[in-house]
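Participant: please find the sequence and the predicted model below.
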Amino acid sequence: MLLPAAGCGKKGPPLAPLRHVPDRVSGLSCRQKGKQVLLTGLLPDKNQDGEPVAEIQEVRIFRADRGGPAEGPGSAGRSAQRAVLRQFSREAGRIATLSGEALEKAVSGRQLTFVDPDPLPGAVPEKGQVLAYAMAVVDSGKHPSPLSSLVTIRVLPPPLPPSNLRSEVSEKRIRLRWEPPAAEGKEETALYNLYRAEAPGAFPERPRNEKPLPQPFFEDEDFIFGRTYHYVARSVIAEKTSARESEDSLPIQVTPADVYPPAVPTGLAVSAESGVIKLYWFPNSESDLGGYRIYRSGREGEGFEAIGSAGPAESTYTDGTALPGVKYYYVVTAADQNVPPNESARSEVHGDRLPPVRPPAGQEPPAGP
C-alpha cells in the first residue's frame, strides 16, 4: 500500500514504523591530536517513537579503514547513504565499548568524548590514511540504537609540539609564552591552541582561546589567586575541512599569588568638627578591597601610628580621641582581602586641630606681668 508523502500530493514508499529503541547518536565529529583521533557526539534523549530514552548503559564505537578521500555520505541521497552504512557495517570493527565508570567519565551532559589512542599503529603515512567512525548506544533494556551517521577523517603526520612553555603572572593576567616547533621543511603554517586544567593531565576538549592563535602567546585573564592551574600548548595545522593538533607541549604549573596591594586612597580631607576630627577620602574601586587603615601622628612627616580602620564601603572616619589644641596629622591606606592583607602606600598627609578649651568666665588664669 502506498501512503501519501507529507506536504505534497505525491505518493511514496511505505514508511517504517517508529520503534521503541534509542534514537541515533547525533552531531558526530572528529579531529586529530597527535596520532590520536578525538570523537565527540550527542547521546540521544529520546527513543525513535518520541518517548524518553531509558538509561543508556553502553556506547559502542566502530571504525573502518576507508582508504579513499575523506568524504562522508552526508551529501549523497538516502539510498546512497544507506548503501554506505551497509558497507561500513560489513567492514567496520568495534574498537571500544564504554559502560559503567568509563562511560560516566566520557560524558558531560549529553556530550560524549572518546579518544581513539592509536588508530594507525606505527608511523603515519606521509599522505595520510582515511578512517571512518560511527557510534551506537544500548539502553537499560538492552535495546541497541541504529548506527549513527558516519564521520571520516584523514589522519596525517602530526605537527611537532611547541617548546619552552612559560608564564608571567601580573595582577590582571597570566601571560603564557612558548617557542614555535622546529621547522620540518614544510610550508604548513602552524597555529596554536592553549589548554588549562585544574588537575594534572585533565585537559578539556576546548582550548582557552576561541580560535587558533597565530602568535606564540596567550593572556589568561580569568583566574583566581591561590588556585593552581596546569597549562599545555599545542601546534595546529588548519586545513580546508579540518585541523590537526600536535601532542601536548611539556606542561607547566602556575599558582598565581596575590601580592598586589590596592591603589593609594586619594582625596583625603581632614576637618575639626564639633569636638572631633573627621577624615574624608574618595572610595577605592577594587573588587577585593578589604577596607582602610587610619594612621595619626603629632608630627607631619613621621611617627604615624594606627588608630583605627574603616570598612570597604566606608570613606569617612571620626577620631574622637583627639585632644583640644593639639594639631594632628593623618594618612589613610587601603588593604585587600588577602591573608595576610596587601596594604597600599600611604595617602597624602593632612592635619587639623580642635580649638583649645577655654576656662569658664571668671576662672581665667592671671595675666602675666
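Facilitator: Alright, I've got the coordinates. Residues are numbered from 1 along each chain as shown.
Participant: distance of His138 relative to Val107?
Facilitator: Careful, residue 138 is Val and not His. Computed with C-beta to C-beta, to the nearest Å, the distance linking Val138 and Val107 is 14 Å. To be clear about C-beta, it is placed using only N, CA and C from the backbone, and glycine gets the same treatment.
Participant: quick one, which of these two is more surrounded?
Facilitator: For Val138 against Val107, the residue with the higher neighbour count under other C-beta atoms under 10 Å is Val138, and the figures read 19 against 15.
Participant: next up, the contacts around the residue lying closest to that one once chain neighbours are set aside.
Facilitator: Take Val138 and drop its neighbours on the chain: the residue closest to it by C-beta to C-beta, 6 or more residues apart in numbering is Glu58, 4.0 Å away. Glu58 makes contacts with 97-99, 103, 137-138, as judged by C-beta atoms under 8 Å, 6 or more residues apart in numbering.
Participant: how about Ser163, nearest residue that isn't a chain neighbour?
Facilitator: Closest to Ser163 by C-beta to C-beta, 6+ apart is Glu179, at 4.7 Å.
Participant: quick check: that neighbour touching Pro161?
Facilitator: No: proximity of Glu179 to Pro161 does not meet the contact threshold set by C-beta atoms under 8 Å, at 10.2 Å.
Participant: of the contacts of Glu58, buried ones?
Facilitator: 98, 103, 137-138 (16 or more other C-beta atoms under 10 Å).
Participant: in strands only, show me these.
Facilitator: For these, membership in strands holds for 98, 137-138, with DSSP state E as the criterion.
Participant: any chance of the residues you listed in JSON lines, with pLDDT and distance to Ser29 too?
Facilitator: Formatted as JSON lines, those follow (pLDDT from 0 to 100; distance: C-beta to C-beta, whole Å):
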{"residue": "Leu98", "pLDDT": "97", "distance to Ser29": "17"}
{"residue": "Val137", "pLDDT": "97", "distance to Ser29": "17"}
{"residue": "Val138", "pLDDT": "97", "distance to Ser29": "22"}
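Participant: quick one: which of the residues you listed is nearest Thr333?
Facilitator: Within these, distances to Thr333 taken as C-beta to C-beta reach their minimum at Leu98, with 57.8 Å.
Participant: now the strands for the stretch 201-350 of the chain?
Facilitator: Under the criterion DSSP state E, counting those that start in this stretch, the stretch 201-350 of the chain contains strands at 217-220, 229-238, 243-245, 252-254, 266-273, 276-282, 289-297, 305-310, 316-319, 327-336, 350-353.
Participant: just the CA trace of the last one, in CSV.
Facilitator: Pointing back at strand 350-353 there. Once side chains and other backbone atoms are set aside, the C-alpha atoms of strand 350-353 remain, and they are given as CSV (Å, rounded to 0.1, in the frame of the first residue of the first chain):
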residue,chain,number,x,y,z
HIS,A,350,46.7,66.3,56.1
GLY,A,351,46.1,67.7,59.5
ASP,A,352,43.9,69.8,61.7
ARG,A,353,43.4,70.7,65.4
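Participant: done for today, thanks.
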